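K.L.:
pasted the sequence and its predicted model underneath.
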Amino acid sequence: MSVDSQIFDGHFGEYGGRFVPEALIGALNELEAAHASAKVDPTFQAELAELHRTYTGRPSIITEVPRFAEHAGGARILLKREDLNHTGSHKINNVLGQALLTKRMGKKRIIAETGAGQHGVASATAAALMGLECVVYMGEEDTRRQSLNVARMKLLGAEVVPVTSGSRTLKDAINEAMRDWVTNVADTHYLLGTVAGPHPFPTMVRDFHKIIGEEARAQVLALTGKLPDAVLACVGGGSNAIGIFHAFIPDSGVRLIGFEAGGDGVETGRHAATITGGSPGVLHGTRSYVLQDENGQTIESHSISAGLDYPGVGPEHAYLHDVGRAEYRAITDSQAMEAFSLLCKTEGIIPAIETAHALAGAMIIGREVGPDATLLLNLSGRGDKDVQTAAQYFGIPL
Amino acid sequence: MSTPLDQLFKKVRAENRAALIAYIPAGFPSKEGCKKAIAALAAAGVDAIEIGFPYSDPVMDGPTIQEAADISLRAGTNASDVFTALKTASDCGVASVVMTYWNPIQKYGVDKFAQSIADNGGSGVITPDLTIEESAQWLVATDKHQINPIYVVAPSSSDERIGKVTSKTGGFVYAASIMGVTGARTSVSVDARDLVSRVRSKTSLPVAVGLGVSTREQAREVAGYADGVIVGSAFIKLLLNATSEQAGLDAISVLAKELVAGVREGR
C-alpha cells in the first residue's frame, strides 16, 4: 500500500484534519498506515495486551467511594483507577502503544512534549523498556514547577530539553517538538501525548486509551447490573476523557461530561477552559476549539494543574460538544483543590490535581442528579507529583 | 490570472536569471522600521517581498524568525499592519506576497483575507501549514480574488505528493531546501537541487528555493538551478543585531545588493 494515500480523512465533523508543514505529510501517512495495520494485527495486539497485563497493571480496578459521595448528593460514585497504572496515570496506555508502533516503523528515536511531566515520564519509561532514544521537550517554566518529574525522566535515561521560547510552557514545548520532528523525521517518531495534533494522532491516541472505557463499562455492568448515568473526566487535551467516554458513545442514555480547567474563573480570562471559553481555530496541526485573540494568536492558558494548562483541546471533544453528545463545564482552581482535599481525607486517595477537576465536577453533578444515580469517574492520575503544589496551596510547611 | 508575481517570473526567465525574494515580518523591527526596510530592500533591487504575518506558534520557523515575530507581536501587530506592509511593498513597485500560518487567515475570514491581499496590491499568499486536503475554501477565495496560492514542498515529499501539491499551486512552488525550520545555514543542502528537479518533472511553474540561503555565494549557487531565491533569516539577523534601526537598515541594504548580484551570476 502506498503511504501517500490517506486511509481515512481524519475529521470529526468540521474538526480535526491536518494543518502541518508539508515536510511532515510523509511521516503522518506512514504513521497512519502503521497504526491501521497494527490495529488489525493479532500479534501486535497480543504484544500490547501482554505489556498491559504484566507491566502497566491492567485491568485497572474500580473503587466505590461512599464517604466522598456523601459530599456529592449521595450519588453512587465509582472511580476507574488509572492512577494505579505503572508511572501513575493513564498516559502509559498511549506511550506503550506508540512505542511499539515506533519499533514497527523501524525508527530508533522518540521525542515527546510534556507539561506536568507525566507524559514525559511515561515516554521515558517506554523508551527505556524498548531501547529507544528519548528526548523530552518541556517548557522552562514547567521544568521549575515539576522538577521532580524532570529528575525522574533523567533517571530513566531521557534527555530533557527546557524550552525557552514563547510562554515557556506546554504549548511551546509542542512547538519545539514539532520543529525537531520536521528536522529529524526520517529516524524519529513524535510520541504526542494527547488526542490533539494532526491526523492520525487524535484517532490513534484515542484507540490506545479506549481500553479504559471498555474495561470500565464491563466492570460497572458487573458491579451494578446497569450502565452508569454519567461518565465524568477532566479535559485538558482530552486523552483520559476520550479514553473513558469512547465505549459509552453509543449508549445514548449515558451522559458524558468533561471538566475543563477554569483557573481563576472563565470570566476572568485566566483559565484553560478551551471549549467553554474558546472558539474554533487551528492550533498544533488540528482544527478544534482554541483560546485565541481576535487576530487568531493563541492566548496563554492558566491553571493550577500543569497537565490541563493548554489552550487547545482534542478535535473529537469539539465535535462531541457541538453535536451535543458530551457536555463540558469549567471547574476553578479552588473548586478543584477543595475536591482534591476531600478525596484525600474521605477515601485515602491522593489524586492528581488534573483529576481533582473531575472530582469537583462529581460533587456538582451528584447534587444535580440525586442519590439514585451512578457516576463513573476516570481517576486519571495520582497526586504524588502534586504534593509540593498542594502543600503550598494549603499552607503546609515543607 | 496574471499577478505581478506571475509577470515577474516571466521577466526573469526572459533575462535568464533567478528572482530574489526577501522576507520580512510585518511590524519588525518596528512599524515604521518595517516600511523603511521594505523600501530599502526594493531600492537595493530585490524582485519581490514576502511579508510575514507574525504568529504566536510558528512551528516552521527557527529561533531568528521566532524572535522577530515575538518583537512584532509585543508591539501589537495585527492583520491591518500586514496589509499595510503589503501595500508599502507593492507601492515600491515590487511583487509582494504574504507568508502566514493558517489560523490568522481563518480568524480574519478566509474570503475577506484573500480580498484584502488583492486590494493591497498583493500577488499571493504562502501558507506553510495549510495542506492541500484542507484547502478547499482557500482555493475558492484565491481564485475569486485572482491571487496566487503558494504551497511549500519538502525534500521528504514524494513525487506523487509533489504532483498533487503543485497542481493546486499558483505563482511559484516554494521548495524548502532542507528538512528543518527557517534559519541561515552555512551551506544549502544538496537536497535542494534534487527537489527542484523533481518539482520540474511535475509542473512548469517557477520554483523558488527557501530555507538557509544567506550569502551571495549561496544565492549564486541556487540561482543556477532555481527560478527564485528566498532569503529571510539573514536579513532579520542583521536587524536584530544592529546597534540602531538605521544601522540595521543600512546592513540589509548592503546584503540585498550582494544577493541581487548573486542571483544574476548563477547561470
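P.N.:
That came in fine, so what should we check first? Because the structure is a prediction, the values reported are computed rather than measured.
K.L.:
which residues sit against stretch A:63-75?
P.N.:
Stretch A:63-75 has contacts (Cβ atoms under 8 Å, 6 or more residues apart in numbering or on different chains) with A:76-79, A:81, A:223, A:342-343, A:346-347, A:349, A:359, A:362-363, A:365-375, A:379. No exception for glycine: its C-beta is placed from N, CA and C like everyone else's.
K.L.:
helices - which of the residues you listed land there?
P.N.:
Residues of the contacts of stretch A:63-75 located in helices (DSSP state H): A:223, A:342-343, A:346-347, A:359, A:362-363, A:365-369.
K.L.:
which one of these sits in the busiest neighbourhood?
P.N.:
The most crowded member of the ones in helices among the contacts of stretch A:63-75, judged by other Cβ atoms under 10 Å in any protein chain shown, is A:L359 (30 neighbours).
K.L.:
does that residue really touch A:S341, like I thought?
P.N.:
No - A:L359 is beyond contact range of A:S341, at 10.0 Å (criterion: Cβ atoms under 8 Å).
K.L.:
what ranges do the strands span in chain B?
P.N.:
For chain B, applying DSSP state E gives strands covering B:19-25, B:48-52, B:95-99, B:124-126, B:148-150, B:152-153, B:173-176, B:207-210, B:228-231.
K.L.:
for the third one, packing partners?
P.N.:
Put plainly, it is strand B:95-99. Packing contacts for strand B:95-99, counted by 3 or more Cβ pairs under 8 Å, 6 or more residues apart in numbering or on different chains; DSSP states H and E, involve helix B:4-14, strand B:48-52, helix B:79-91, strand B:124-126.
K.L.:
next: the fourth one.
P.N.:
Where contact means 3+ Cβ pairs under 8 Å, 6+ apart, strand B:124-126 is packed against strand B:95-99, helix B:110-119, strand B:148-150.
K.L.:
can you tell me how far A:G117 is from A:Q335?
P.N.:
Noted for A:G117: a distance of 24 Å to A:Q335, by Cβ to Cβ, to the nearest Å.
K.L.:
between those two, which one's more packed in?
P.N.:
A:G117 (26 against 20).
K.L.:
my read: that one touches A:M153, true?
P.N.:
Yes - counting by Cβ under 8 Å, A:G117 touches A:M153, with 7.0 Å between them.
K.L.:
what is in contact with A:L359 and A:S341 at once?
P.N.:
Residues touching both A:L359 and A:S341 by Cβ under 8 Å, 6+ apart: none at all.
K.L.:
give me the residue from chain B nearest chain A.
P.N.:
Here the residue of chain B nearest chain A is B:K107; by Cβ to the nearest Cβ that distance is 3.1 Å.
K.L.:
thought that residue was touching A:R287?
P.N.:
No - using Cβ under 8 Å, B:K107 makes no contact with A:R287, being 11.9 Å away.
K.L.:
ok, now which ones touch the closest residue to B:P128 other than its chain neighbours?
P.N.:
Leaving aside its sequence neighbours, B:P128 sits nearest to B:M60 (Cβ to Cβ, 6 or more residues apart in numbering or on different chains; 4.6 Å). When the contact criterion is Cβ under 8 Å, 6+ apart, the partners of B:M60 are A:P21, A:R179, A:V182, B:Y101, B:P128, B:D129, B:V181, B:T182.
K.L.:
chain B contacts on chain A?
P.N.:
Those residues of chain A that sit near chain B, judged by Cβ under 8 Å from any Cβ of the partner chain, are A:2, A:4, A:6, A:9, A:17-27, A:165-166, A:171-172, A:175, A:178-179, A:182-186, A:281-285, A:287, A:290, A:292, A:294-298.
K.L.:
what's the first-to-last distance across stretch A:14-30?
P.N.:
Start-to-end span of stretch A:14-30 (Cα to Cα, to the nearest Å) is 24 Å.
K.L.:
over to stretch A:141-161?
P.N.:
The stretch stretch A:141-161 measures 12 Å between its terminal residues, going by Cα to Cα.
K.L.:
could you give me the buried positions within that stretch?
P.N.:
Of all the residues in stretch A:141-161, those buried under the rule 16 or more other Cβ atoms under 10 Å in any protein chain shown are A:141-143, A:145-146, A:149-150, A:152-153, A:156, A:158, A:160-161.
K.L.:
returning to what we had before: what's the overlap in contacts for B:K107 and A:R287?
P.N.:
A:G281.
K.L.:
so which of those two has more stuff around it?
P.N.:
A count of neighbours by other Cβ under 10 Å puts A:R287 above the other of B:K107 and A:R287, at 24 against 21.
K.L.:
element containing that one?
P.N.:
For A:R287, the host element (DSSP states H and E) is strand A:286-290.
K.L.:
wait, what's in contact with the nearest residue to B:V97 once chain neighbours are set aside?
P.N.:
Once flanking residues are discounted, B:V97 sits nearest to B:G124: 4.8 Å by Cβ to Cβ, 6+ apart. Contacts for B:G124 (Cβ under 8 Å, 6+ apart) come out as B:T3, B:L5, B:V97, B:V98, B:I117, B:T142, B:I147, B:N148, B:P149, B:I150, B:G170, B:G171.
K.L.:
tell me how far the first one lies from A:V290.
P.N.:
Counting by Cβ to Cβ, the gap between B:T3 and A:V290 amounts to 32 Å.
K.L.:
look at those two and report which has more neighbours.
P.N.:
Neighbour tally, B:T3 and A:V290, criterion other Cβ under 10 Å: the higher count belongs to A:V290, 25 against 22.
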